[in-house]
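Asks: all I have is the shape, not the residue letters:
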């Protein structure tokens, strides 16, 4: 994770990165994951940014495989200051981000006021996720 964050800093203008946290695998992927969130500045629009992020994943050894499978690196665009973006294979803001503590909690540490859904911020979603009761 530290190497990937350093590479984001080299490729783009890294504004901030959240602390790295270890989380249980999601969706039966096997081993635990290290997660973080980085805020970067770039003139790229989401499709071009996604292309760069996927190239970075490949540079770190990611290979196409089964969904939810074990992977070296998984980079997603969670939000974009340009608003919403939707096209085949890319939706910004990320559809599932507000439901995933491993995304929202790190995001709330570095950008609690970032609006993700109308007036609701990363802080609001982190608070909501923390209040949920675990499923039995």
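Replies: Cool, the structure landed. All values derive from a computational prediction rather than experimental measurement.

Asks: next, the contact list for residue 77, please.
Replies: Contact analysis of residue 77 by C-beta atoms under 8 Å, 6 or more residues apart in numbering lists 46, 49-50, 53, 90, 92, 94. C-beta coordinates here come from the backbone N, C-alpha and C atoms, glycine included.

Asks: what does the lengthiest helix in the chain contact?
Replies: Longest helix of the chain, by residue count under DSSP state H: helix 46-59. Outside helix 46-59, the residues that touch it by C-beta under 8 Å, 6+ apart are 4, 7-8, 11-12, 42, 44, 71-77, 80, 82, 85, 87, 90, 92.

Asks: next one: that helix to chain centre, how far?
Replies: Centroid separation between helix 46-59 and its chain, computed with C-alpha atoms, centre = their mean, to the nearest Å, is 13 Å.

Asks: go on, stretch 32-43?
Replies: That offset, for stretch 32-43, works out to 6 Å (C-alpha atoms, centre = their mean).

Asks: about what we covered before: which element is encountered next along the chain beyond the longest helix of the chain?
Replies: strand 85-87 (DSSP states H and E).

Asks: which strands and helices sit next to that following strand?
Replies: helix 46-59, strand 90-92 (3 or more C-beta pairs under 8 Å, 6 or more residues apart in numbering; DSSP states H and E).

Asks: what's the most buried one of these?
Replies: Comparing these by mean neighbour count (mean count of other C-beta atoms under 10 Å), strand 90-92 comes out on top with a mean of 17.

Asks: that strand pairs with which strands, and in what direction?
Replies: Paired neighbours of strand 90-92 in the sheet (DSSP bridges): strand 85-87 (antiparallel).

Asks: what sits up against the strand it pairs with?
Replies: Contacts for strand 85-87 (C-beta under 8 Å, 6+ apart): 45-47, 91-92.
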